[in-house]
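Student: Everything below, folded, please.
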Amino acid sequence: MNNDMTTYDIGELSKMSGLPVSALRYYEEVGLVESIGRNGMRRQFGPEAPFKLALVSLGKLAGFSLPDVAELFGGKIAPDIPREDLHARADALDHQIKRLTNLRDMLRHVADCPEKSQLDCPNFQKLMRLAVRHQKISGA
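Tutor: Residues are numbered from 1 along each chain as shown. Below you'll find the model as predicted:
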């Protein structure tokens, strides 16, 4: 983390982070980053802003929502994330990976199925039953 007194205006921070200025404004609004003032009409951010934005990106990549990330930060630069939350998220990712791997394997089988019609393929029929079951469970 950068501990010098470097400041970044919102445009610089946008370019550094790859986030649109509107997202940075929203992140400030919900407490994910904090501006330290203005230079003219442009918000200024302190040296910790790029680090905080990297943490937000990591949290989003891990599947946490922005409100979850904001709650985990608790307004601090270095979050104290409950380890049980991290384990729970890792477990959810494991479940999702397993489900997606099974779906990928099933689709590959159906694509290569020797049956004349995919509708005659037992694995395709199984895939259809799973899709219907998933729809009933998720309400999608």
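Student: middle-most residue in the protein, spatially?
Tutor: Nearest to the geometric centre of the chain sits residue 60, at 2.7 Å (Cα atoms, centre = their mean).
Student: for that residue, what are its contacts?
Tutor: 66, 69 (Cβ atoms under 8 Å, 6 or more residues apart in numbering). All C-beta atoms are positioned from the backbone trio N, CA, C, and that covers glycine.
Student: For it, identify the helix or strand it belongs to.
Tutor: helix 49-61 (DSSP states H and E).
Student: Give the buried residues for that helix.
Tutor: 49, 50, 52, 53, 55, 56, 59 (16 or more other Cβ atoms under 10 Å).
Student: Which residue is the nearest non-sequential neighbour of the second one?
Tutor: Nearest residue to residue 50 in three dimensions, chain neighbours excluded: residue 16, at 5.8 Å (Cβ to Cβ, 6 or more residues apart in numbering).
Student: Just the pLDDT for residue 24.
Tutor: Residue 24 carries a pLDDT value of 92.
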